[in-house]
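Novice: After the sequence you'll find the predicted model.
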Amino acid sequence: KQWYQRRVRGMAEYTPLRSSSRSGKEDTSGQPANHDSMQKTPLSLEAVVDTIVPQLNWRLSLLFLSALSTIFHAAAVTYVTALTGNIPYKSWECVSEKCESLFNNASAAGLETGFFSQKTICDNGMVAGPDFRWTEQKTTFTTDWDIYCEDEAKLSTISSIYFVGALLGLLSSTAIFDMIGRKRGAMLGCVLITVGTAASAAAPNYETLLVLRIVSGFGLLINYTGSYCWIIEFAPTRLRNLVNGCYNLGWTFSYLILVLMGYLIDKWQHVYMAVSVICVISLAMFFITPLPESPRFHLVRGKEDEAKKTLELLSKISGTALSFDAIHLVYDERVQNYFKQVKDFKKYPNMLKRSLLCMSGWFLVSLITYAYTFGWSKIGSDLYTSYLFAALGGGLGYILSILVCRILGRKKATLFFFGSVTVMNLIAMLDVDLSAGWNLEQVASLLGNVGILGAFAMLYLYTGELAPTSHRGMIMCLSSSCARVGSFIGPYVSLLYGVTDRRVPLALFAGLSVCACVAILFLPDTTGEGIPETPKDLDDGKEGKEGFDRLGRSYIAENRSSEP
């Protein structure tokens, strides 16, 4: 016990322990505030949670599932423009003599099968209304506002501008969570999403919808990040991989909801209204879920008693009786601000190398992911079938990431998924028809989508383990910012299908996946390794806090309350 207390007081400069006395006053000296606190064993929040949640029972399962339902709107809000802005290049008919003449010439040459296409409209400068009429039953804002051919870049912009708002939300999220907490911050983001999405249904023009997409993106990143931090901080270390996978499956479920609504609803304005209803349901789940604010937020605010009350509630739900009278909660105080942490890259080149490689991986995986997502209308013959299988493939990718990670470890699993994306895109270049409605490009691209989403799940986990605890928030923020840049560029890749051969974007995907593999090769494998506490640990090869918390967990196990 004495060694443990010395270990607590002697932590490195980046992780000094800060505690709160029972009176609520902060003590930043690193020493116990009074004689009573000297009798208490200082333990980290992770050690306590790991002990009071020894296994996942049915009550905890229901609790986490209800918490996960707070993000069932996320993918629907993100991808809604892919369906409500679809340009039906294959569903139109001639109304002018010019168009009829072109059709007759194509029929005489035996080319009438491919006449009704994007190429015919755009290459001949045909105008909607005077020359042809859209025959698609479902309305979209692109057909209502005449966005097609030369103006198609506007569709990519309205899909991409969402990620500008997401980047702003990401940069603002830390300050918001520190001020009002993870749960309330996530709720605030959900309110912004609901307002932005509902207002989009009444958007009178392109410019208004553009602004509302920024608002939705801003709210989504705050909501999604806040919900993740809120839920993951209640999960024990050994279950975090499972909870992380289930969280990603929540995104897949939201994706499936969007596809179903897009298939059943004809007017694009009504699709936005339906998505906003899902947002309201997700917001309501914050009030229904009996999971309070994160105990870490209470510790940051110097309210140790509030943190203990939250943990006591969690212990009751998990069925583990534990007395907190002999426990003194501690946490890592950030003695450096964000910009001072960035300056440490110069002092610790090993951390800089790891971070740059991770950031490049995040950029590439996001670019490919959103190029796929907003390009299925170009790849598949049927829009809704393509998006249905893409959503199911995303869920499969998240599930496979858990299984493959267990078998191959962090680094090899990440390489496996990126490598599969390269192979699938090379196969997709072949001209092979599998049936009347399917070809090899569609099937291989769907499998590539499984691979890239599996790579995303692995990279998220891998980056968190490579970054030292003292700088993890900053590195994850920089990596996610790079991902938002890739997300912004991704929707524009679909424009290549209209101006060049279809193999060009496929070759681009394959090449980018190879670049990601090269970046991963230069990173160490974290499988079975401890997490570094400070940048100095990266050079010293220290185990990190794994052994530190193991002692704390054993102490709790030995001192569990005998009370019922």
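Specialist: Sure, I can see it.

Novice: May I have the residues that are in contact with the nearest residue to Tyr89 once chain neighbours are set aside?
Specialist: Closest residue to Tyr89 apart from its sequence neighbours, by CB to CB, 6 or more residues apart in numbering: Gln118 at 3.9 Å. In short, each C-beta sits where N, CA and C put it, glycine included. Counting by CB atoms under 8 Å, 6 or more residues apart in numbering, Gln118 touches Ile87, Tyr89, Cys149, Gly498.

Novice: cool, Leu256 as well?
Specialist: Counting by CB under 8 Å, 6+ apart, Leu256 has contacts Leu388, Ala391, Leu392.

Novice: so who does Phe64 touch?
Specialist: By CB under 8 Å, 6+ apart, the neighbours of Phe64 are Ile231, Phe234, Ala235, Val243, Cys246.

Novice: and the host helix or strand of it, which residues are buried?
Specialist: Per DSSP states H and E, Phe64 falls inside helix 58-68. The neighbour-count check on helix 58-68 (16 or more other CB atoms under 10 Å) flags Leu60, Leu63, Phe64, Ala67, Leu68 as buried.

Novice: Stretch 146-166 too?
Specialist: 147-149, 152, 154-166.

Novice: mind checking pLDDT for the nearest residue to Val432 once chain neighbours are set aside?
Specialist: Nearest residue to Val432 in three dimensions, chain neighbours excluded: Leu440, at 3.9 Å (CB to CB, 6+ apart). The per-residue pLDDT reported for Leu440 equals 89.

Novice: For Leu440, list the residues it contacts.
Specialist: Shown in contact with Leu440 (CB under 8 Å, 6+ apart): Ile427, Ala428, Leu430, Asp431, Val432, Asp433, Leu434.

Novice: Now flag whichever of the residues you listed is closest to Leu170.
Specialist: Leu170 lies nearest to Ala428 out of the contacts of Leu440, by CB to CB, at 32.3 Å.

Novice: burial of the closest one, as a residue count?
Specialist: For Ala428, the count of nearby residues is 26 (other CB atoms under 10 Å).

Novice: Separate out the buried members of the contacts of Phe64.
Specialist: With burial judged by 16+ other CB under 10 Å, the buried subset of the contacts of Phe64 is Ile231, Phe234, Ala235, Val243, Cys246.

Novice: picking up where we left off before, out of the contacts of Phe64, which sit inside helices?
Specialist: Among the contacts of Phe64, the ones falling in helices (DSSP state H) are Ile231, Val243, Cys246.

Novice: Quick one: the helices in the stretch 151-300 of the chain, in order.
Specialist: 153-180, 182-200, 206-232, 240-264, 268-288, 295-300 (DSSP state H, counting those that start in this stretch).

Novice: Packing partners of the first one?
Specialist: When contacts are defined as 3 or more CB pairs under 8 Å, 6 or more residues apart in numbering; DSSP states H and E, helix 153-180 sits against helix 74-84, helix 182-200, helix 206-232, helix 472-489.

Novice: If we use 6 Å, what do you get?
Specialist: If you count contacts as 3 or more CB pairs under 6 Å, 6 or more residues apart in numbering; DSSP states H and E, helix 153-180 packs onto helix 206-232, helix 472-489.

Novice: what does the shortest one contact?
Specialist: Right, the one you point to is helix 472-489. The contact list for helix 472-489 (CB atoms under 6 Å, 6 or more residues apart in numbering) reads 160, 163, 166-167, 170, 338, 341, 355, 358-359, 362-363, 366-367, 370, 463, 467.

Novice: now that helix: how far from the chain's centre is it?
Specialist: Taking CA atoms, centre = their mean, to the nearest Å, one finds the center of helix 472-489 at 11 Å from the center of the full chain.

Novice: Over to stretch 255-266?
Specialist: Relative to the chain's own centre, stretch 255-266 is displaced by 21 Å; criterion: CA atoms, centre = their mean.

Novice: Could I have the CA atoms of that stretch written out in CSV?
Specialist: Provided in CSV are the C-alpha atoms of stretch 255-266 (Å, rounded to 0.1, in the frame of the first residue of the first chain):
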residue,chain,number,x,y,z
TYR,A,255,-28.0,3.5,-42.0
LEU,A,256,-30.6,0.8,-42.5
ILE,A,257,-33.4,3.0,-41.2
LEU,A,258,-32.5,5.7,-43.8
VAL,A,259,-32.5,3.2,-46.7
LEU,A,260,-36.0,1.9,-45.5
MET,A,261,-37.4,5.5,-45.3
GLY,A,262,-35.9,6.5,-48.6
TYR,A,263,-37.5,3.4,-50.2
LEU,A,264,-40.9,4.0,-48.7
ILE,A,265,-41.2,7.8,-48.9
ASP,A,266,-41.5,9.5,-52.3
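
Novice: So for that stretch, mean pLDDT?
Specialist: Throughout stretch 255-266, pLDDT has a mean value of 92.

Novice: For Leu496, give me the pLDDT.
Specialist: On the pLDDT scale, Leu496 is placed at 85.

Novice: Look up how far Ala108 lies from the residue nearest to Cys149 when sequence neighbours are not counted.
Specialist: With sequence-adjacent residues excluded and distances taken as CB to CB, 6+ apart, Cys149 is closest to Cys122, at 4.0 Å. Taking CB to CB, to the nearest Å as the criterion, Cys122 is separated from Ala108 by 22 Å.

Novice: between these two, who's got more neighbours?
Specialist: Cys122 (16 against 9).

Novice: which secondary structure element contains the more buried one?
Specialist: Going by DSSP H and E, Cys122 is in helix 118-123.

Novice: from the middle of its chain, how far away would that helix be?
Specialist: Here helix 118-123 is found 36 Å from its chain centre; the criterion is CA atoms, centre = their mean.

Novice: Between helix 240-264 and the helix or strand containing Ile452, find me the angle.
Specialist: Secondary structure assignment for Ile452, by DSSP H and E: helix 440-466. For helix 440-466 against helix 240-264, the angle between stretch directions is 150 degrees (axes from the mean of the first three to the mean of the last three CA atoms, to 10 degrees).

Novice: sorry, back to before: test my guess that the residue nearest to Cys149 contacts Asp151.
Specialist: No. Cys122 is beyond contact range of Asp151, at 10.4 Å (criterion: CB atoms under 6 Å).
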